[in-house]
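Visitor: coords please:
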Amino acid sequence: MSGERSASINLETQTQEGLPGLLQWLEMQKGGVATFYEFQRRSLALRASHGRQAGLLRLLADLSGCFADEFDGEPLDLSTASQALSQLNALVREASGLPPGDVEGLIALTNRVGLADLSVSS
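Guide: Residues are numbered from 1 along each chain as shown. Down below sits the predicted model:
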């Protein structure tokens, strides 16, 4: 029960911190399939409190979920996992660094995320 409570508190803290909190969490992960599912869950949880970035967060969640679905129950080699995690980190790092009024930057990044595929090298 305390593990569930701790996970809930961590998610609440990360939700309050927004994309920087999500990035901080992601940078501590090792890149297994569970990481990508958890990233999907956390991204979707952030949408409600971060409406300006809701579309971007949804696309990041979908990108991560599609990758996890592709390898769920299948072997995920270290090279593929590392490349996918690195690519996802770069996208979230860029998103968390966007200035609040940079609408063009947000649209450009959203389009790049919409075209991204974590299972293919960039």
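Visitor: May I ask which helix or strand encompasses the residue positioned nearest the centre of the chain?
Guide: With distances taken as CA atoms, centre = their mean, the residue of the chain nearest its centroid is F39 (4.7 Å). Per DSSP states H and E: F39 is located in helix 33-47.
Visitor: Can you list the buried residues in that helix?
Guide: 33, 35-40, 42-47 (16 or more other CB atoms under 10 Å). From N, CA and C alone the C-beta is placed, and that goes for glycine too.
Visitor: could you dump the residues you listed to JSON lines with distance to L59 and pLDDT?
Guide: Shown next, in JSON lines, are those (distance: CB to CB, whole Å; pLDDT from 0 to 100):
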{"residue": "V33", "distance to L59": "20", "pLDDT": "95"}
{"residue": "T35", "distance to L59": "18", "pLDDT": "96"}
{"residue": "F36", "distance to L59": "14", "pLDDT": "97"}
{"residue": "Y37", "distance to L59": "16", "pLDDT": "97"}
{"residue": "E38", "distance to L59": "17", "pLDDT": "97"}
{"residue": "F39", "distance to L59": "12", "pLDDT": "97"}
{"residue": "Q40", "distance to L59": "11", "pLDDT": "97"}
{"residue": "R42", "distance to L59": "14", "pLDDT": "96"}
{"residue": "S43", "distance to L59": "9", "pLDDT": "96"}
{"residue": "L44", "distance to L59": "11", "pLDDT": "95"}
{"residue": "A45", "distance to L59": "15", "pLDDT": "94"}
{"residue": "L46", "distance to L59": "12", "pLDDT": "94"}
{"residue": "R47", "distance to L59": "11", "pLDDT": "91"}
